[in-house]
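**Student:** Model the structure of this input:
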Amino acid sequence: MAQWLGQRTRGHRIAVSIPRPGVVSVYCVKTPKAPRGSSRGWCAGSFGRVVLVRHKDTKEYYALKMMSIAAVVRLKQTEHVKSEREILESIHHPFIVNMSWSYHDQNFLYMLLEYVPGGELFSYLRKSGFFNSAWANFFACELISAIDYLHSKLIVYRDLKPENLLLDYEGHMKITDFGFAKRLRDRTWTLCGTPEYLAPEIIQSKGHNKAVDWWSLGILIYEMLVGCPPFFDDNPFDIYEKILIGKITWPKSMDPVAKDLIKKLLVHDRTRRLGNMKSGAEDVKNHRWFKGIKWTDVRERKLKPPIVPKISHAGDTNNFEEYPDEDTKFVEEATPEDVALFTDF
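**Tutor:** Here you go, the predicted model:
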C-alpha cells in the first residue's frame with residue numbers, strides 16, 4: 001500500500017490574470033491531477049489548470065478552471081470538454097461542485113466553479129491510512145445520493161476516485177471534474193476513466209452504461225476501508241488483467257456487512273450488479289450496511305461529517321498541497337479553426 005500511495009505525482013502552483021469583468025486572480029489552488037503513477041488520471045493536467053479567484057464586488061472565492069484550446073484540440077479532448085461544460089450547466093446538487101459560468105477567449109476556455117476549501121478526500125485517506133466503517137459509510141451515503149441524481153438525469157460519471165471528491169467547510173462531499181461524464185440513454189464504447197476503477201465491460205469494450213459508476217463505488221468503498229484499491233499495479237495492463245480475473249484480497253478485520261456490499265457492487269455481470277437491476281439505486285440504499293440511514297437526511301446534509309477541515313477563512317488553501325512555481329509565459333496559440341469549435345462555450 002505504501003508503494004502505491006507513493007506513486008502520486010505533484011502538480012504546479014501558478015499565478016495568472018483573468019480577462020473577465022468582475023473577477024481577479026488571487027493565487028493558485030492547484031492544477032488538475034497528474035497521475036498517482038503512470039496510469040492514474042489520463043491526460044490530467046495536460047491542457048488545463050485550476051486557479052483560485054475572487055470576485056471584485058462580492059469578495060466571494062471561486063475555482064477557475066482554465067484549459068488551453070490548442071492543447072484540448074491537439075489531445076482530441078474537444079468532445080469531453082464540451083460535454084463537461086454542458087453537463088455542469090444543467091445540474092445542481094448539494095454534493096456536486098456547481099458551475100457559475102463558462103467563457104472563452106482566443107487561447108483559453110474558462111469554467112468558473114464553486115470553490116471547495118476542504119481539500120481532496122484522497123489527502124485525508126492518505127493521512128489516515130484507511131477509514132473506519134462509519135467514516136466510509138458517511139462518504140458512501142453522500143456519493144450514492146449524487147450518483148442517483150446523475151443517473152436520473154441520464155448522466156454517467158465514469159471517473160469516480162478519491163481525488164475527485166472534495167470536502168467543503170463543514171466536511172460534506174462535493175464531486176468535481178466532469179471531464180469523462182456523459183449523457184447516454186443506452187451504452188457507450190469510449191475507453192476512459194482511471195485504470196484501478198474501470199469496470200470489466202469498459203476494459204473488454206463491450207459497451208457500458210451507468211452500471212460502471214456502481215462498480216467504481218465498490219472500488220472506492222474498498223479503498224476507503226483498506227487504504228488502497230483492490231486491483232492495482234505499476235502497469236495499467238496488469239491492472240486490467242487483475243480486474244478481469246477478479247481475485248480480491250479481503251482483510252480479516254473488514255466489516256462483513258461492508259464486504260457483502262462491495263461484493264455485490266463488484267459483480268462482473270452488470271445485469272446482476274447492485275444498482276443496475278430493476279430497482280436501481282434503491283437496491284444499494286436498502287443494503288444492510290445503510291440500515292438506519294434516512295436518505296432524505298443525507299440529501300439535506302443532516303448527517304454529521306466525520307472530518308471537519310481546518311479552514312481559517314473563505315479563501316484558505318492550506319488543505320491543498322503546495323506546488324512549485326511554473327513558468328506560464330509560454331502560451332500555445334490556438335488557430336481560428338480551433339477557436340471556432342468552441343463558439344457556444
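
**Student:** tell me what the strand or helix carrying Asp338 is packed against?
**Tutor:** Element membership for Asp338, per DSSP states H and E: helix 336-340. Packing partners of helix 336-340 (3 or more CB pairs under 8 Å, 6 or more residues apart in numbering; DSSP states H and E): helix 69-74. For every residue, glycine as well, the C-beta is placed using N, CA and C.

**Student:** which parts of the helix it packs on are buried?
**Tutor:** 69-73 (16 or more other CB atoms under 10 Å).

**Student:** looking only at pLDDT, what's the mean for stretch 223-237?
**Tutor:** Stretch 223-237 shows a mean pLDDT of 94.

**Student:** buried ones in the helix holding Asp338?
**Tutor:** 338-339.

**Student:** With respect to Pro256, which of the buried residues of helix 69-74 is nearest?
**Tutor:** Nearest to Pro256 among the buried residues of helix 69-74 is Val72, at 46.5 Å by CB to CB.

**Student:** For that closest one, give its distance to Glu332.
**Tutor:** 10 Å (CB to CB, to the nearest Å).

**Student:** Which helix or which strand is home to Lys242?
**Tutor:** Applying DSSP H and E, one finds Lys242 within helix 236-245.

**Student:** Tell me where the model's unsure across the chain.
**Tutor:** Scanning the chain for pLDDT under 70 picks out 1-46, 186-187, 189, 191, 322-330.

**Student:** Give me the domain ranges for it.
**Tutor:** Here the domain parsing of the chain from automatic domain parsing is 2-117+313-340, 121-299.

**Student:** Highest mean neighbour count out of those?
**Tutor:** Sort these by mean neighbour count, taking mean count of other CB atoms under 10 Å, and domain 121-299 sits at the top with a mean of 18.

**Student:** what about that one, distance to the chain center?
**Tutor:** The chain centre lies 11 Å from the centre of domain 121-299; the measure is CA atoms, centre = their mean, to the nearest Å.

**Student:** how about the nearest residue to Tyr149 once chain neighbours are set aside, secondary structure?
**Tutor:** The shortest distance from Tyr149 to any non-neighbouring residue, by CB to CB, 6 or more residues apart in numbering, is to His93 (4.9 Å). Three-state assignment for His93 (DSSP: H, G, I helix; E, B strand; the rest coil): coil.

**Student:** His93 and Leu143 touch, don't they?
**Tutor:** No. Between His93 and Leu143 there is no contact under CB atoms under 8 Å: 11.3 Å.
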